[in-house]
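> Below are the sequence and a predicted model for it; my questions follow.
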Amino acid sequence: MTTRRNFLIMSALAFAASPALAQFTGPSEQGAQSSVQDALDARIGAYMTLEGYITHHLREDYYRFTDGMNEIRVEIPQNVFAGRPIGPNDRVRLRVEVDRGLIGRYLWVEALEIL
């Protein structure tokens, strides 16, 4: 009986957390428009949105990003590029999470939009 009850509870929680239920269309406080300087000063784990340019490929999934004032390293998984060609002259909007690795702070890119 405990197994069945646990299954029902887990099913209800999974359904309640489903993204299909999210219908809010207003702005996100966590993803407010930010600058690279804001990202450099933000706490690890903060979410933000930045606009600017991907200027250089560093290695693997790592790139250099600038907002025109400052630069920061970003990690962009191939699935986020979604096969779209993007050059250093293409303005982009990135939805990111601030993270820190062995060689310092970087932004992990969750979504990329070409502007």
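Yes, it's here. Residues are numbered from 1 along each chain as shown.
> so who does Glu113 touch?
Shown in contact with Glu113 (CB atoms under 8 Å, 6 or more residues apart in numbering): Val92, Arg93, Leu94. Glycine gets a C-beta too; all of them are placed from N, C-alpha and C.
> isn't there a strand covering it?
Yes: in this structure, Glu113 lies within a strand as judged by DSSP: H, G, I helix; E, B strand; the rest coil.
> Check what pLDDT it gets.
If you check Glu113, the pLDDT there is 93.
> And Gly104, by the same measure?
In this prediction Gly104 is given a pLDDT of 89.
> For the biggest strand by length in the chain, name the packing helices and strands.
Secondary structure of the chain read by DSSP state E shows that its longest strand is strand 47-59. If contacts are counted by 3 or more CB pairs under 8 Å, 6 or more residues apart in numbering; DSSP states H and E, strand 47-59 sits against strand 33-34, helix 36-41, strand 62-66, strand 71-75, strand 91-101.
> now those in CSV, with mean pLDDT, mean neighbour count and distance to Leu115?
Shown next, in CSV, are the helices and strands packed on strand 47-59 (pLDDT from 0 to 100; neighbours: other CB atoms under 10 Å; distance: least, CB to CB, whole Å):
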stretch, mean pLDDT, mean neighbour count, distance to Leu115
strand 33-34, 83, 16, 12
helix 36-41, 94, 16, 16
strand 62-66, 96, 18, 14
strand 71-75, 96, 19, 16
strand 91-101, 94, 17, 4
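> Dump the ones you listed into CSV; add distance to Pro85 as well.
Below are these laid out as CSV (distance: least, CB to CB, whole Å):
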stretch, distance to Pro85
strand 33-34, 25
helix 36-41, 23
strand 62-66, 14
strand 71-75, 17
strand 91-101, 12
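> So for Arg84, which of the ones you listed sits nearest?
Distance to Arg84, taken as CB to CB, is lowest for strand 91-101 among those, at 9.8 Å.
> Run through the neighbouring helices and strands of that closest one.
Helices and strands touching strand 91-101, as assessed by 3+ CB pairs under 8 Å, 6+ apart, comprise strand 47-59, strand 71-75, strand 104-114.
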